[in-house]
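*Asks:* output the structure for:
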Amino acid sequence: MLEKLFPTLGRIRFGVQMVMLFVTVYGSVLVGTYMADKISNALPALSCAYDQMNGGYCVLVPTQHIIHHRIGEALVRAQQLTFGMVLPLLMTFVSFYAFFFVIGKAFCGWVCPLGTLQEWIGKLGRRLGFGLRRLAPNDLAPVKRVRPVKWLILLGLVFLLPLLTGLGVTPHSLGNPYCDICPSRVATTLLTGNTQELALRGNDAVSFTLGAIANLLIGFTLVGALALRQPFCRICPLLAFNALFQRLSPMRLVKPSREKCGSCHICTDACPMDIPEISQQQGRKAYNEDCTLCGRCAEYCPQDGVIRLKWGPFALFSSNRDYYKKRVQRELPDGTVKPVKFVRNATKTASADA
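*Replies:* Below is the predicted model of the structure:
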């Protein structure tokens, strides 16, 4: 009875994901396209601007456009920086931080539509019997090799190439290169019935190449998610962008001491990003740049109060042994769903009747 009255953190997050997937993909149905643009154009989640029905799009779009059309072109004309350039960029970041301050990097784990789709495809993969593939558990070496990729994409595709395009160094087709290869652009527009973003553009070689890369990435993301948890999240530049500001948000993961930690590594097994630090470190080192604040590590920690999800001084969720025991009855830390019990009981009943 208590379990029905108080749903698990995982079920609450599932509900939030359902609502936010609708808002970030179909939100303008409720408030209208123009109002959706006024509500926000700087979400810290991969809600794509190419989706004509969404309720606000991610911060990477205006960032690239402002660097390209404002800063780059202004430098080429040798003009001084004016409020006409600085203010729009400043307002973009103010809008971004206003949202980010509330729940921080939980935008990645609770709101981002592409992250939600990857997680659901992963659950389908477990149901269909696809074996779970992980980076080497409890080993930092393979994880460290992957982590720089998201920073390189952020610096190269979101900041550098748009600036060089504005300066006239690179072709106009490279004005917003990240959005042209972003798998969220393809995935979320497909959810609205729009297949246009799958088409390869033959305007020039650069546009064609970017379109081909986008199709390869969405294929890798959707197919890879069947066996590898959150494959694109590991190289997502918005995860890196959010990591720059993670200390500025009161929403955070806390592991103050390892005195009660049994070093069982279950929290790393539960982490969809395979983060070893959460089981190996404490304090700030345990809250890694790859963390999406999904809360699974706290849900699956079998020790009382070792891992907490906090907003400022308030503990929103704390690891609990009794909660852990109930959680693993339905789903294992790696996401494998246990068989439904009534099927086995029904078989026993049938045998008894015979």
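*Asks:* from here on, just use CA atoms for contacts and neighbour counts.
*Replies:* Noted.
*Asks:* quick one: mean pLDDT for whichever strand or helix holds Phe14?
*Replies:* Element membership of Phe14 [criterion: DSSP states H and E] is helix 9-26. For helix 9-26, the mean pLDDT works out to 87.
*Asks:* what's the answer for stretch 160-171, then?
*Replies:* Stretch 160-171 shows a mean pLDDT of 92.
*Asks:* with stretch 195-207 instead?
*Replies:* So the average pLDDT for stretch 195-207 ends up being 88.
*Asks:* for it, the distance to its chain's centre please.
*Replies:* Put simply, stretch 195-207 sits 26 Å off its chain's centre (CA atoms, centre = their mean, to the nearest Å).
*Asks:* stretch 226-240 too?
*Replies:* Relative to its chain's centre, stretch 226-240 lies at 7 Å (CA atoms, centre = their mean).
*Asks:* returning to that earlier point: packing partners for the helix holding Phe14?
*Replies:* helix 113-127, helix 183-191, helix 296-299 (3 or more CA pairs under 8 Å, 6 or more residues apart in numbering; DSSP states H and E).
*Asks:* now with 7 Å, please.
*Replies:* Here helix 9-26 touches helix 113-127, going by 3 or more CA pairs under 7 Å, 6 or more residues apart in numbering; DSSP states H and E.
*Asks:* output the helix it packs on as CSV - backbone C-alpha positions only.
*Replies:* Only the C-alpha atoms of helix 113-127 are listed here, as CSV (Å, rounded to 0.1, in the frame of the first residue of the first chain):
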residue,chain,number,x,y,z
PRO,A,113,14.3,14.2,-25.3
LEU,A,114,17.2,12.4,-27.0
GLY,A,115,18.4,11.1,-23.6
THR,A,116,14.9,9.8,-22.9
LEU,A,117,14.7,8.0,-26.2
GLN,A,118,18.0,6.3,-25.7
GLU,A,119,17.0,5.2,-22.3
TRP,A,120,13.7,3.7,-23.5
ILE,A,121,15.4,2.0,-26.4
GLY,A,122,17.8,0.5,-23.9
LYS,A,123,14.9,-0.9,-21.8
LEU,A,124,13.5,-2.4,-25.0
GLY,A,125,16.9,-3.9,-25.7
ARG,A,126,16.9,-5.6,-22.3
ARG,A,127,13.4,-6.9,-23.0
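*Asks:* and it, what other elements does it pack with?
*Replies:* Going by 3+ CA pairs under 7 Å, 6+ apart, helix 113-127 lies up against helix 9-26.
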